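S.K.: just the structure for this:
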Amino acid sequence: MKHKNFAVVLAGCGVNDGSEIHEAVLTLLAIDKTGSSYQCFAPDVNQYHVINHLNGNSVKESRNVLIEAARIARSDIKKLSEFNPKDFDAIIFPGGFGVAKNLFTYAIDGPDCLVNPETVECIYSALEAGLPIGAMCISPLLITRVLGFGTVTIGNDITTANAVESLGGTHLNSERDDIVIDKENKIVSTPAYMLNSPISVVAKGIENLVNALYDLM
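M.R.: Residues are numbered from 1 along each chain as shown. From the prediction side, this is the model:
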């Protein structure tokens, strides 16, 4: 495979209030296995809230999305406002509940959710530049919320699938390591941890997604 450059957008660090760490790391691994490189990004904003991942309780604490995401990126991360689609061949959004709290507010507001302005600009600029867009877990709903179109999968959760449809997208049910490719709009999605999957199956779905993005370049 020829060397390509991927942008990876993170939403913090931790499944309940940031990016899902397994999904994020497996994304970076899958990119590296193609012989390509990546650059991580995250918005420089405060998290919606902070969750104690040992007991699931919210704690009275404030954390920054960019600083927390730097944990996953091993400090090699840039502000999302610095994203320039001319520097990349594709862009990927891992999932995690923090995506639905920090990048857009679906976890709080449902389909009437708001989207972080830098995230909106990032997605639109990627689309206009013709970059293939990858999304996993809850992130396909984010893409649909911003664009108002596209064929994606989040697995088979009826409520979330209906939200995709209500926001103008088309949802296709999928199995655990499946991908859905919207060739017209260059969007590739996979359910990842939206389904009850072991890490090896999540890894396979993410690798399939990255390879499909590569083919769309």
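
S.K.: can you list phi and psi of the residue lying closest to N173 once chain neighbours are set aside for me?
M.R.: The shortest distance from N173 to any residue other than its chain neighbours is 4.5 Å, reached at N156 (C-beta to C-beta, 6 or more residues apart in numbering). Every residue, glycine included, has its C-beta placed from N, CA and C. Phi and psi for N156, reported as degrees, to the nearest 10, are phi -150, psi 20.

S.K.: so N156 sits right up against N196, yeah?
M.R.: No. Counting by C-beta atoms under 8 Å, N196 is not a contact partner of N156; they are 10.9 Å apart.

S.K.: Three-state assignment for the residue nearest to G56 when sequence neighbours are not counted, please.
M.R.: For G56, ignoring the flanking residues on the chain, the nearest one in space by C-beta to C-beta, 6+ apart is N16 at 6.9 Å. Secondary structure state of N16, per DSSP: H, G, I helix; E, B strand; the rest coil, is coil.

S.K.: bridging residues for the residue positioned nearest the centre of the chain?
M.R.: By C-alpha atoms, centre = their mean, the mean C-alpha position of the chain lies nearest to F93, the distance being 2.1 Å. The partner list for F93 in beta bridges (DSSP bridges) reads A135.

S.K.: so what pLDDT did it get?
M.R.: For F93, the pLDDT comes out at 98.

S.K.: can you check C122 too?
M.R.: pLDDT at C122 comes out at 98.
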